[in-house]
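heads up, no residue letters with this:
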């Protein structure tokens, strides 16, 4: 694939690939332009927050950071990935000032609404390139209305390490004294109950290759995905969301998450108005979908079907991430395969089992333009990452 010119349309100009397995093929990736920036958002203390039952709020902040930044650079298309307890985006220089303002506002929202800290940082591609790292971007495009960015090259991990460095006066963190916080969370929705597994369980899976060469890593990822599909079957078999078990929430406690994001800086009366309207929207949504109603803008009978198609339950961002449904026997078989590869020094992995998945949504219109960020309930990716990091630390320990 040929890289496009170093301009704002880099990502929208990328040719997409429709077969998810092609994430392991280097031909489907192009280098991020040298003058772009990597943006890191990370919920601080996410594991402790999840253990205290705040996994929904942690997920919400990961998604809200994406939505705020996408709104800040709109109508540009930029690559991003949702990581459960954080997010990563890449933005051109034309949008960096608006992005920093949105990051500052998102951090304030996290503290004000959820009493959670959000670490936000920006790393120039020039810094990453100086260390011999790369950020390669692919575009998984399974349908005309849904696409996902994929990343390889090691540059994201390097940028994340810089932003998470505990050093005093970390130069990569956003300096909030130099920007005026400003963000729009328009499009953020968190209105669905936890989605029960269509099988025995839902599993969040993380796999990171530790082979020495890029070629060996690519071959291993292809092996991993083939082993996974050999055990879990085709996408239709392991997709964690089914239309028949989806339900809009009745819980005011669950709706408080959307309220906290969307109205963090609203006066109290406006917050009450939003909550009332939110309940009306949910009642109307149930009614429209159950009766297969079409309006001038939306065919509500298709919404759940499109929701399923537009979930990001599989992704690759220098590690393979999946939220899948299956049986305990399938999980045991796949984990056994992963364990053998780990013992051979080829990879590290993490798994977290739950009974349901959790969706946090970006909705620009209800007909075609909506994306649903998926995680396993009760901690998902964040707790799987805890196991992966433990394995990685053990692997790097001197013998």
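It's in. Just so it is clear, the structure is predicted and the values come from calculations on it, not from any experiment.

Let me see the ranges of the helices in the stretch 201-350 of the chain.
Taking DSSP state H, counting those that start in this stretch as the test, the helices found in the stretch 201-350 of the chain are 214-232, 235-238, 252-262, 268-290, 303-309, 328-343.

Ok, the stretch 1-150 of the chain next?
10-13, 46-51, 55-73, 96-114, 125-130.

Could you dump those into JSON lines with mean pLDDT added?
Below are the helices of the stretch 1-150 of the chain laid out as JSON lines (pLDDT from 0 to 100):
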{"stretch": "helix 10-13", "mean pLDDT": "95"}
{"stretch": "helix 46-51", "mean pLDDT": "90"}
{"stretch": "helix 55-73", "mean pLDDT": "96"}
{"stretch": "helix 96-114", "mean pLDDT": "97"}
{"stretch": "helix 125-130", "mean pLDDT": "97"}
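
so which of the ones you listed gets nearest residue 179?
Distance to residue 179, taken as CB to CB, is lowest for helix 96-114 among those, at 4.8 Å. Any C-beta I mention is one placed from the backbone N, CA and C, and that applies to glycine too.

mind checking how far the residue nearest to residue 160 when sequence neighbours are not counted is from residue 340?
Setting aside the residues directly before and after it, residue 160 is nearest to residue 40 in space (CB to CB, 6 or more residues apart in numbering), at 5.2 Å. Using CB to CB, to the nearest Å, residue 40 is found at 33 Å from residue 340.

Which of those two has more residues huddled nearby?
residue 40 (26 against 11; other CB atoms under 10 Å).

Enumerate every residue touching the more buried one.
Residues in contact with residue 40 (CB atoms under 8 Å, 6 or more residues apart in numbering) are 86, 88, 119, 120, 121, 122, 123, 159, 160, 163, 164.

As JSON lines, the helices of the stretch 1-150 of the chain with mean neighbour count and distance to residue 260 would be great.
Shown next, in JSON lines, are the helices of the stretch 1-150 of the chain (neighbours: other CB atoms under 10 Å; distance: least, CB to CB, whole Å):
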{"stretch": "helix 10-13", "mean neighbour count": "19", "distance to residue 260": "30"}
{"stretch": "helix 46-51", "mean neighbour count": "19", "distance to residue 260": "14"}
{"stretch": "helix 55-73", "mean neighbour count": "26", "distance to residue 260": "7"}
{"stretch": "helix 96-114", "mean neighbour count": "21", "distance to residue 260": "3"}
{"stretch": "helix 125-130", "mean neighbour count": "16", "distance to residue 260": "34"}
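
Which of those helices sits closest to residue 141?
Closest approach to residue 141 among those is made by helix 10-13 (11.4 Å; CB to CB).

hey, what's residue 371 bridged with?
residue 362 (DSSP bridges).

Pull the number of nearby residues for it.
Residue 371 has 25 nearby residues by other CB under 10 Å.

try the one 10 residues further on
Here the neighbour count serves as a burial measure; for residue 381 (other CB under 10 Å) it reads 28.

Check it and give its pLDDT.
Looking at residue 381, its pLDDT reads 95.

and it, that's in a helix?
Yes - Residue 381: assigned to a helix according to DSSP: H, G, I helix; E, B strand; the rest coil.

Could you double-check that it lies in contact with residue 373?
No - applying CB atoms under 8 Å, one finds residue 381 not in contact with residue 373, separated by 10.4 Å.

Would you check how far apart residue 230 and residue 238 are?
Taking CB to CB as the measure, residue 230 and residue 238 are separated by 12 Å.

higher neighbour count, the two?
residue 238 (23 against 11).

The residue nearest the centre of the chain: what's it in contact with?
For the chain, the residue sitting closest to the mean C-alpha position, by CA atoms, centre = their mean, is residue 82 at 1.2 Å. Residue 82 is in contact with 62, 63, 66, 312, 315, 373, counting by CB under 8 Å, 6+ apart.

Try it again at 7 Å.
Neighbour list for residue 82: 62, 63, 66, 312, 373 [criterion: CB atoms under 7 Å, 6 or more residues apart in numbering].
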